[in-house]
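> fold the stuff below for me.
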Amino acid sequence: MRVTIIVPVFNKELYVNSVLSNIADQTLADFECLVIDDGSTDMSGKICDAFAARDSRFQVFHIPNGGVAHARNLGLEKATGQYITFVDADDHIEPDYLQQLYADIENSKADMVIAGLQKFWKDERLPAAVEVPYRGMRQMAQLLPEFAAVQQRTGIYGYSCAKLVRRELISDIRFSEWLHLAEDFEFYLRVYPKVKTVFFDDQCKYYYLQEAENSSTIVKDDNIDYMAQLKLNLIYRDFLIKIGYWNEKNRAIVEQMLTDYAFFTVFHANRDSVPDVVRRVHNIVTEEKVSMTGKGLWRGSILRCIKEDDGLKAKRLLELYDFLRSIKRKSLYFPRNR
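Now for the predicted structure:
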């Protein structure tokens, strides 16, 4: 088997038949498609079963809902292909998408292929290309000096899709199920140390639905687990340190991200839990020696509270912030008569 395609599905009845049809119509026919129905409560599971009944290359696994990381992990356990790629259930791929990636990795003998993609939306906005930063073969060592800058600008290293990877490189790596946002980036941070060569394909044959319902990429601020994202960025920092590229450019970007998530973790916390959250963040940034610098009155004040482990002061400041913001909102809704 040349390629394993892993498709996690959760309540995607409006999209899943389309993406499975895209896969079935690929010009590269030698593949297995592992569809993981992650406890869907709509018609997704039945649609997948009906599709698999017509095409033996498709296998469907029904599991209790455990999240996209859990679903992808089951796919990795069941995979038998020489190469592995991931496709989301609400996306679209061109007929020669798989053929192109397969030709790239076979001809270049690279460890993995990273391709461009197109983001699209449900509304009438035009698609936006996420372009690869390079073209053709690159040594992994060539990518690392500006790794953080490229990731910040494009996000290309973190997407689970638009990649083809040799299965032996990820046979012992699994997605972290404690993460519910950017779990694909954390996954690849553990893959990249094994990668020696990457082939970049600038053709964008993968279309990524940016704002589908239930998409893990669209999360309201109050629903983001900022503590988990803070821990993820510590993993990011450790990745760059361990591979020997904690240089000035990478350090500046990642330290700023660590500062941002330390602040966001407290700022978005339930106000009654702020003292406890401040203590937890203080312990993390102190133990991990995170240098936090922030501009602006509110941001700088909250960061000082974190450094000093002063949760009660942070709570009072955020309650004041909420009060002032409510007054501003009222003034917008009820302007004074002039």
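
> only alpha carbons, please: show the helix or strand containing F51 as CSV.
Using DSSP states H and E, F51 sits in helix 44-54. Output of helix 44-54 as CSV, limited to C-alpha atoms (Å, rounded to 0.1, in the frame of the first residue of the first chain):
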residue,chain,number,x,y,z
SER,A,44,-22.0,11.4,9.3
GLY,A,45,-21.4,7.8,10.4
LYS,A,46,-24.0,6.4,8.1
ILE,A,47,-22.8,8.4,5.1
CYS,A,48,-19.3,7.1,5.7
ASP,A,49,-20.5,3.5,6.0
ALA,A,50,-22.5,3.8,2.8
PHE,A,51,-19.4,5.1,1.0
ALA,A,52,-17.2,2.3,2.3
ALA,A,53,-19.7,-0.3,1.2
ARG,A,54,-19.1,0.9,-2.4
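
> just checking, next helix/strand downstream of that helix?
With DSSP H and E, the next secondary element past helix 44-54 is strand 58-63.

> buried sites along that following strand?
F58, V60, F61 (16 or more other C-beta atoms under 10 Å). Bear in mind the C-beta positions are built from the backbone N, C-alpha and C, glycine included.

> again with stretch 241-251
Y245, W246, N250, R251.

> state the mean pLDDT of that stretch.
Per-residue pLDDT over stretch 241-251 has a mean of 97.

> list the contacts of that stretch.
L144, P145, E146, F147, A148, A149, Y192, P193, R237, L240 (C-beta atoms under 8 Å, 6 or more residues apart in numbering).

> thinking again about what came up before, and the helix holding F51, what other elements does it pack with?
In this structure, helix 44-54 packs against strand 3-9, helix 16-24, strand 31-38, strand 58-63, with contacts taken as 3 or more C-beta pairs under 8 Å, 6 or more residues apart in numbering; DSSP states H and E.

> which residues touch the second one?
Yep, that's helix 16-24 we're talking about. 5, 7, 9, 31, 33, 35, 44, 47-48, 51, 55, 57-58, 87-95, 97-98.

> ok, now with 10 Å
Defining contact as C-beta atoms under 10 Å, 6 or more residues apart in numbering, one finds that helix 16-24 is touched by 5, 7, 9-10, 12, 31, 33, 35, 37, 40, 42-45, 47-48, 50-52, 54-55, 57-58, 60, 87-95, 97-98, 207, 209.

> mark which of those are buried, thanks.
Looks like the contacts of helix 16-24 have 5, 7, 9-10, 12, 31, 33, 35, 37, 40, 44-45, 47-48, 51-52, 58, 60, 87-94, 97-98, 207, 209 buried, using 16+ other C-beta under 10 Å.

> from what I see, I170 and L76 are in contact.
Yes. Applying C-beta atoms under 10 Å, one finds I170 in contact with L76, separated by 6.8 Å.

> overlap in contacts, those two.
Contact criterion C-beta under 10 Å, 6+ apart; residues shared by I170 and L76: I84, F187.

> that older thread, which of the buried residues of strand 58-63 lies closest to R279?
Relative to R279, the closest of these is F61; by C-beta to C-beta it sits at 42.1 Å.

> what bridges to the residue lying closest to that closest one once chain neighbours are set aside?
Leaving aside its chain neighbours, F61 sits nearest to I36 (5.2 Å; criterion: C-beta to C-beta, 6 or more residues apart in numbering). Beta-bridge pairing for I36 (DSSP bridges): P8, F61.

> pretty sure I36 contacts I6?
Yes. Here I36 reaches I6: they are 7.1 Å apart, a contact under C-beta under 10 Å.

> what touches both of the two?
Contacts common to I36 and I6, judged by C-beta under 10 Å, 6+ apart, are A71, R72, N73, L74, G75, K78.

> quick one: buried ones out of the residues you listed?
Among the shared contacts of I36 and I6, the ones that count as buried by 16+ other C-beta under 10 Å are A71, R72, N73, L74, G75.

> low pLDDT regions in this structure?
Across the chain, residues meeting the criterion (pLDDT under 70) sit at 124, 211-222, 330-338.
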